[in-house]
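1. compute the structure for the input listed below.
(2 chains)
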Amino acid sequence: MSAIIEIKNITKEFKVLNRREGLKGSLKDLFSRDYKIVRAVDSISISIEQGEIVGYLGPNGAGKSTTIKMMTGVLEPTSGEILVNGNEPYRSRTRNSKEIGVVFGQRSQLWWALPLIESFRILKDIYRISDDDYDHMISLYKSLVDIDELLHKPVRQMSLGQRTLSDILAAFLHNPKIVFLDEPTIGLDVSMKAKIRTLINALNKEKNTTVILTTHDMGDVDALCRRIVIIDKGKMLYDNDIEHLKGFFGSYRTLKIGIDGDLTAEAEKIQKEFPEFSVSNDDEWISVLVDEEKSTVMDVLGRLQASRKIKDMKLEEISTEEVIKKIYEEGV
Amino acid sequence: MKLKKYGTLVRAGLMESLQYRASAFVLVIGNLLYLIIIYFLWKAIYASAGTDTVSGMTFSETLIYLVLATALFNFMEMYIVWDMGRSIQSGDMVLMLLKPMEYRSYLFWSYSGEHIMQFITTFLPTFLIVCIVTHGAIPLGINLVYFVISVVMALLINYYINFFVGTICLYTESIWGINIMKQVIVMLLSGVTVPIAFFPETLQKIVYCLPFQSIYNAPLTLLLDGQPESGNVLSILVTQFLWCAVMGIACRLFWKLSIRQITVNGG
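-> Residues are numbered from 1 along each chain as shown, chains lettered A, B, ... in the order given. Purely as a prediction, here's the structure:
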């Protein structure tokens, strides 16, 4: 199977005016030719297969949106090669746009004043979707989500969640090969997030649509992505399965124990006993971050139990969120 | 069907403008106030001139011209510069660029529905009222056909000027000043606020070399001319057509160049 998106060493540089401070500086800026080059994306290579859901992660300002804009053809890369569905997106933006769908979490492509069904009909004509395909898609939507009440509601009267849901449906309507979702669950409540994740998963399965997802919500990543790509400061940090990610920093697990007495003092004592692990405490628990390559959790628990009475314990796996946080903060 | 996608945009525009009924009523009231001001202003001008005709036009001719010009203005006025400026500032432009359609034609057809609506709600009633009140001061003959052809081209020229100015927003990222300047220039030089006959002679010559008079002065001249001479009509229509072509090409090139600038340097 050949890749649907093939990116080779793309780099994107922006020319940014060096701004000066204060009113005087701002006035000088009007005539300034003093530019600096900012490298937003620095030789990134990714290859994505048809039907994959890829989580594209990185802290704010990492270069995610820039990469997506290059994949959709809105921006032209400074150097490097992109092939989306066999086309260079910035050269044939109009042709490329028929094969892709986009959802930007904070924007809407729907007709504000009109009921959702009208937006769908307009999109049907703009993308020249045949009657059969359109009917098929609408009945698929009906089987996946409860859209009957949404269809006849003007978009401006929708809640943010309903609008996002509608925008996602609109992006999939012309059965594109690739859909870009840029922070689709931003600002949504827990149940709406779950609904949207289920919908994206179902559409991906049903239509074998490739989905590129950027998000800051690790819940989205855990629910949707099998593969993640992490970039920071324009450079690629990680590109692999989500399972590999967890083993990336060794196999850490957090052992939490509850004991009587002064927890802070006890925590210090335990820290002395296990200098190789980091120990911390809160009002209820003493946490020991155990690196299982050095010794097992059962071992640690046994040694702790020998010298003190443990009332309660729990074990926490390291979450995707913590791993990503570590990567953002410390790099790979 | 390639035409279908344009039709659907026109239909959407019609439906959208029907959603905002209140604004239509406010527009009508605002117009009435404006027309009252015009009436008294020009009455005063004619009274102070002391003659029946000023610059070759009688009071009632001037008034009919200006009432129709106002109606035409309300029907053809576009808010494209605001729209473009806003979507550039907010970044919504990205979504427009990702439609499988040229942004230029997308915007034009989206607006067409609104124009049809405005034609029916503002221009047509005003035209009929003027016809009835003045007992046939507006000739009803072949001139109506010329007028319709002329209005379509006027709409195009007006659209292109707006689109051109909107494209400038890609560089400036601010709209207010540019749009106000455009509005003032168009209002003055197109003959919508003051008939061009009242301009000093040199200014008239300059105005006839600019595209703006093709927007309001040209269709109105054709509409109010009861015995059209074919040479005269032809020269007005050909001038309009040339401006259509020139502005159309200019818009196309300027947009292509600018959007390339944005895709290369980022926005």
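
2. alpha carbons only for contacts and neighbour counts from here, please
-> OK.

3. residues of chain B that sit close to chain A?
-> B:4-6, B:8-9, B:12, B:15-16, B:19, B:92, B:94-95, B:97-102, B:262-266 (C-alpha under 8 Å from any C-alpha of the partner chain).

4. among those, which are in helices?
-> B:4-6, B:8-9, B:12, B:15-16, B:19, B:94-95, B:97, B:262-265 (DSSP state H).

5. with respect to A:R128, which of those residues is nearest?
-> B:K5 (7.6 Å; C-alpha to C-alpha).

6. report how many residues lie close to that closest one.
-> The local packing of B:K5 (other C-alpha atoms under 10 Å in any protein chain shown) involves 20 other residues.

7. what ranges do the strands span in chain B?
-> Along chain B, counting by DSSP state E, strands occupy B:53-54, B:57-58.

8. could I get these as a markdown table with mean pLDDT and mean neighbour count?
-> What follows is the strands of chain B, written out as a markdown table (pLDDT from 0 to 100; neighbours: other C-alpha atoms under 10 Å in any protein chain shown):
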| stretch | mean pLDDT | mean neighbour count |
| --- | --- | --- |
| strand B:53-54 | 84 | 14 |
| strand B:57-58 | 88 | 14 |
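
9. could you dump these to a markdown table with distance to A:K294?
-> Below are these laid out as a markdown table (distance: least, C-alpha to C-alpha, whole Å):
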| stretch | distance to A:K294 |
| --- | --- |
| strand B:53-54 | 102 |
| strand B:57-58 | 101 |
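
10. nearest to A:L213, out of the ones you listed?
-> When the strands of chain B are compared (using C-alpha to C-alpha), the closest one is strand B:57-58, at 67.3 Å.

11. run me through the strand neighbours of that closest one, direction for each.
-> strand B:53-54 (antiparallel) (DSSP bridges).

12. roughly how far is the partner strand from the heart of the chain?
-> Taking the mean of its C-alpha atoms, strand B:53-54 sits 27 Å from the chain's own mean (C-alpha atoms, centre = their mean, to the nearest Å).

13. contacting residues around it?
-> B:Y46, B:F59, B:F198 (C-alpha atoms under 8 Å, 6 or more residues apart in numbering or on different chains).

14. so who does the residue nearest to the spatial centre of chain B touch?
-> Geometric centre of chain B, nearest residue: B:M76, 4.0 Å, by C-alpha atoms, centre = their mean. Applying C-alpha under 8 Å, 6+ apart to B:M76 gives the contacts B:H115, B:Q118, B:L155, B:N158.

15. ok, now with 10 Å
-> Residues in contact with B:M76 (C-alpha atoms under 10 Å, 6 or more residues apart in numbering or on different chains) are B:70, B:112, B:114-116, B:118-119, B:123, B:151-152, B:154-156, B:158-159, B:215-216.

16. just these: which are in helices?
-> B:70, B:112, B:114-116, B:118, B:151-152, B:154-156, B:158-159.

17. coming back round to it: filter the residues of chain B next to chain A to the buried ones?
-> If you count burial by 16 or more other C-alpha atoms under 10 Å in any protein chain shown, the buried members of the residues of chain B next to chain A come out as B:5-6, B:8-9, B:12, B:15-16, B:92, B:94-95, B:97-101, B:262-266.

18. run a quick neighbour tally on the closest residue to A:A223 other than its chain neighbours.
-> Spatial nearest neighbour of A:A223, excluding adjacent residues (C-alpha to C-alpha, 6 or more residues apart in numbering or on different chains): A:R197 at 6.8 Å. Neighbour count for A:R197, taken as other C-alpha under 10 Å: 18.

19. spell out the residue ranges of the strands in the stretch 1-150 of chain A.
-> A:3-17, A:35-49, A:53-57, A:79-84, A:100-104 (DSSP state E, counting those that start in this stretch).

20. list the buried residues for stretch A:32-47?
-> Those buried within stretch A:32-47 under the rule 16+ other C-alpha under 10 Å are A:R39, A:A40, A:V41, A:D42, A:S43, A:I44, A:S45.

21. contact partners for the third one?
-> A:V41 sits next to A:9-14, A:62-67, A:77-78, A:231-236 when contact means C-alpha under 10 Å, 6+ apart.

22. quick one: contacts for A:A202?
-> A:A202 neighbours (C-alpha under 10 Å, 6+ apart): A:L140, A:Y141, A:L144, A:I196, A:N208.

23. distance of the residue nearest to A:A223 from A:D241?
-> 19 Å (C-alpha to C-alpha, to the nearest Å).

24. same question for stretch A:133-140, mean pLDDT?
-> Stretch A:133-140 comes out with an average pLDDT of 93.

25. just to revisit the earlier point, just the element for the residue nearest to A:A223, please.
-> helix A:190-207 (DSSP states H and E).

26. now that helix and strand A:53-57, what's the angle there?
-> In terms of direction (axes from the mean of the first three to the mean of the last three C-alpha atoms, to 10 degrees), helix A:190-207 departs from strand A:53-57 by 130 degrees.

27. strand partners (parallel or antiparallel) of the following helix or strand past helix A:190-207?
-> With elements assigned by DSSP H and E, the helix or strand that comes after helix A:190-207 is strand A:210-214. Here strand A:210-214 has these sheet partners by DSSP bridges: strand A:53-57 (parallel), strand A:178-182 (parallel).

28. what would those look like in a markdown table with distance to B:Y106?
-> Converted to a markdown table, the strands paired with strand A:210-214 look like this (distance: least, C-alpha to C-alpha, whole Å):
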| stretch | distance to B:Y106 |
| --- | --- |
| strand A:53-57 | 31 |
| strand A:178-182 | 22 |
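
29. now render the ones you listed as a markdown table, adding mean neighbour count and distance to A:R227.
-> Formatted as a markdown table, those follow (neighbours: other C-alpha atoms under 10 Å in any protein chain shown; distance: least, C-alpha to C-alpha, whole Å):
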| stretch | mean neighbour count | distance to A:R227 |
| --- | --- | --- |
| strand A:53-57 | 25 | 5 |
| strand A:178-182 | 24 | 15 |
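
30. make a markdown table out of those strands and add mean pLDDT.
-> Listed next are these as a markdown table, based on pLDDT from 0 to 100:
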| stretch | mean pLDDT |
| --- | --- |
| strand A:53-57 | 92 |
| strand A:178-182 | 93 |
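
31. in the stretch 101-250 of chain B, which residue sits nearest chain A?
-> B:M101 (6.3 Å; C-alpha to the nearest C-alpha).

32. measure that residue to B:F147 for me?
-> With C-alpha to C-alpha as the criterion, B:M101 and B:F147 are 31 Å apart.

33. what's the answer for A:V300, then?
-> Taking C-alpha to C-alpha, one finds A:V300 at 92 Å from B:F147.

34. ok and the residue in the stretch 201-332 of chain A nearest chain B?
-> A:G234 (15.1 Å).

35. nearest spatial neighbour of that residue, chain-adjacent residues omitted?
-> Going by C-alpha to C-alpha, 6+ apart, A:G234 has A:V41 as its nearest residue, at 3.9 Å.

36. go on, A:T67?
-> A:V41 (7.1 Å).

37. can you list the residue ranges for helices in the stretch 151-300 of chain A?
-> Applying DSSP state H, counting those that start in this stretch to the stretch 151-300 of chain A gives helices spanning A:160-172, A:190-207, A:218-224, A:242-246, A:263-273, A:297-307.

38. who are the packing partners of the shortest one?
-> This means helix A:242-246. strand A:227-232, helix A:320-330 (3 or more C-alpha pairs under 10 Å, 6 or more residues apart in numbering or on different chains; DSSP states H and E).

39. and of those, who's closest to A:Y127?
-> strand A:227-232 (30.3 Å).
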